[in-house]
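> return a 3D structure for these sequence lines:
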Amino acid sequence: MKTILEICREVADLAAVKRPDDLFNTASQHESIFLSVAKSALDSMLRYGDWEELTKECCLYTIEGKSSYLIKEIAPDFYCLLNNTIFIKDRHERVIGAITPQQWMKEKYFSSPSNGIKFSIQNGRIKFLTPPPAGLKIVFQYRSNNIVWDFNTFEEKNVLNANTDVPIFDEYVVKLNILWRWLKRSGLDYTEEFNEYERELKKRYGGELATQDICLAANTNAESKEVIINATTNFFPTD
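You can find the predicted model right below:
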């Protein structure tokens, strides 16, 4: 378990430059660049995809007559909802999913409200089309916005603010990420280092995903009963 300062020192060794002593020394441009690059590297990995390290589960208990719930109040470290992971925690454990804009328009203007529970994600809120019954326990998985651990308390943090902070992500991939970004910032050729980082990133990230889609379709041709979990097609976004 290496701290961000230790990782940056290893990067300095690879780049054959002076090792940083304090990433938060604002009087040193050299160390400020390392800090800036480290922050950019961690932020890019946060936005890359649904990392296992960032996946968490949360519960929402419905209130009588209330149809809109601020997600940040339920999960303060919320970054984004994982598709097809929200379900009603009862003896049936019914899976529900966010409706598309097209479905929302049909429900709003052309259809009578149904008895099923449907919701959309708007403005950082879970909005049910009709207020659900009180006391429902709705469970969902989401991606956290935390990027580092506190070295002493192991508390997760969404801001890099100490030399002893430990990245949540794989330290080798973080090192490669910082290295190519530092070379680019310094005006040096970074092609080989960037390609190595991309290979390791996809290998590390892809190893956490299912090899194929998991279909929970019932024995029927009805499309409405099909639920796809964690589709893996085109899961490598660009930086």
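> which residue is nearest the centroid of the chain?
The centre of the chain sits closest to Arg143, judged by Cα atoms, centre = their mean, with a distance of 3.7 Å.
> looks to me like that one is in a strand.
Yes. Under DSSP: H, G, I helix; E, B strand; the rest coil, Arg143 sits within a strand.
> any idea how far the closest residue to Glu10 other than its chain neighbours lies from Pro133?
Of all residues not flanking Glu10 in the chain, Lys175 sits nearest, at 5.8 Å (Cβ to Cβ, 6 or more residues apart in numbering). Yep, even glycine has a C-beta here, placed from its N, CA and C like the rest. Taking Cβ to Cβ, to the nearest Å as the measure, Lys175 and Pro133 are separated by 51 Å.
> so between the two, which is more surrounded?
Legend: neighbour count by other Cβ atoms under 10 Å for Lys175 and Pro133, higher for Lys175 (20 against 8).
> and the helix or strand hosting that one, what's buried?
Element membership for Lys175, per DSSP states H and E: helix 171-185. Residues of helix 171-185 classed as buried: Glu171, Val173, Val174, Lys175, Leu176, Asn177, Ile178, Leu179, Trp180, Arg181, Trp182, Leu183 (neighbour count, 16 or more other Cβ atoms under 10 Å).
> average pLDDT across it?
Mean pLDDT, computed over helix 171-185, is 97.
> and it, how far out from the chain middle?
Relative to the centre of its chain, helix 171-185 is centred 20 Å away, using Cα atoms, centre = their mean, to the nearest Å.
> and the next element down the chain from it?
Later in the chain than helix 171-185, the nearest helix or strand by DSSP H and E is helix 191-206.
> what helices and strands are in contact with that following helix?
Under the contact definition 3 or more Cβ pairs under 8 Å, 6 or more residues apart in numbering; DSSP states H and E, helix 191-206 sits against helix 171-185.
> any idea how far stretch 164-174 is from the chain center?
Using Cα atoms, centre = their mean, the offset of stretch 164-174 from its chain centre is 15 Å.
> first-to-last residue distance for that stretch?
15 Å (Cα to Cα, to the nearest Å).
> right, and the residue nearest to Glu10 touches Arg9 too?
No. Contact criterion Cβ atoms under 8 Å: Lys175 and Arg9 do not qualify, at 10.1 Å.
> the top helix by length along the chain versus helix 191-206: what angle between them?
If you go by DSSP state H, the chain has its longest helix at helix 29-46. If you take axes from the mean of the first three to the mean of the last three Cα atoms, to 10 degrees, helix 29-46 sits at 40 degrees to helix 191-206.
> what's helix 29-46 in contact with?
With contacts defined as Cβ atoms under 8 Å, 6 or more residues apart in numbering, helix 29-46 is touched by 4, 7-8, 11-12, 17-18, 20-26, 51, 54, 79, 145, 147-148, 160, 167, 169, 173-174, 177-178, 181-182, 185-186, 201, 239.
> any of those buried? List them.
4, 7-8, 11-12, 20, 23, 51, 54, 79, 145, 147-148, 160, 167, 169, 173-174, 177-178, 181-182, 201.
> returning to what we had before: tell me the confidence at the residue nearest to the centre of the chain?
pLDDT, Arg143: 92.
> what does the one 4 residues further on give?
In the predicted model, Ile147 carries a pLDDT score of 96.
> check Lys202 too.
93.
> next: Ser120.
Ser120 is assigned a predicted lDDT (pLDDT) of 77.
> same question, Asp21
96.
> for it, give me its contacts.
Glu31.
> helix or strand: which one has it?
Under DSSP H and E, no helix or strand contains Asp21.
> tell me the mean pLDDT over stretch 188-198?
Stretch 188-198 carries an average pLDDT of 97.
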